[in-house]
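1. Attaching a predicted model along with its sequence, questions to come.
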Amino acid sequence: QVQLVESGGGLVQAGGSLRLSCTVSGSIFSTNAMAWYRQAPGKQRELVATLTTYGSTNYVDNVKGRFTMSRDSAKNTVYLQMNSLEPEDTAVYYCNADLNIYGDRRWTRQTYWGQGTQVTVSS
């Protein structure tokens, strides 16, 4: 079984910073891409940032220049560094993993989600 464990959320004032972490553990796997999503109250879950296995990153327009996604492959961990936070960034942030999983003598492609971590930005 694969698990995604997130940490790093919390309460911060506008203009402050937080760093979210997401560690992948479990079965034999390789990574196609990792992503961070967020869901604010009453809104749909939206994609915030992606990081491919080749190191390419993409960000939603309203976080460009403020958020940075990175990884530590040795630790199977990705990070989301969030700077200049705004009240509009308040949401539950979810880690998403697009993985190739080895089991029953074959590889299958599967998607996993973390449990979510709350980020609250006060004005």
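-> Great, that's in hand.

2. Now do the helix or strand hosting L51: distance to the chain's middle.
-> Using DSSP states H and E, L51 sits in strand 46-52. Per C-alpha atoms, centre = their mean, to the nearest Å, the displacement of strand 46-52 from the mean C-alpha position of its chain is 7 Å.

3. who touches that strand?
-> Around strand 46-52, the neighbours that count as contacts under C-beta atoms under 8 Å, 6 or more residues apart in numbering are 32-39, 57-60, 63, 67, 69-71, 78, 80, 93. From N, CA and C alone the C-beta is placed, and that goes for glycine too.

4. Could you tell me which of the residues you listed belong to strands?
-> Among the contacts of strand 46-52, the subset assigned to strands under DSSP state E consists of 32-39, 57-59, 67, 69-71, 78, 80, 93.

5. Using PyMOL, define a selection of the buried residues within these.
-> To isolate the buried ones among these in PyMOL, judged by 16 or more other C-beta atoms under 10 Å, type:
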select buried, resi 33+34+35+36+37+38+59+67+69+71+78+80+93
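
6. Please name the residues that touch the closest residue in space to Y112 that isn't next to it in sequence.
-> Counting by C-beta to C-beta, 6 or more residues apart in numbering, Y112 lies nearest to A97, which is 4.6 Å off, once chain neighbours are set aside. By C-beta under 8 Å, 6+ apart, A97 lies in contact with V2, L4, C22, V24, T31, A33, M34, A35, T111, Y112, W113.
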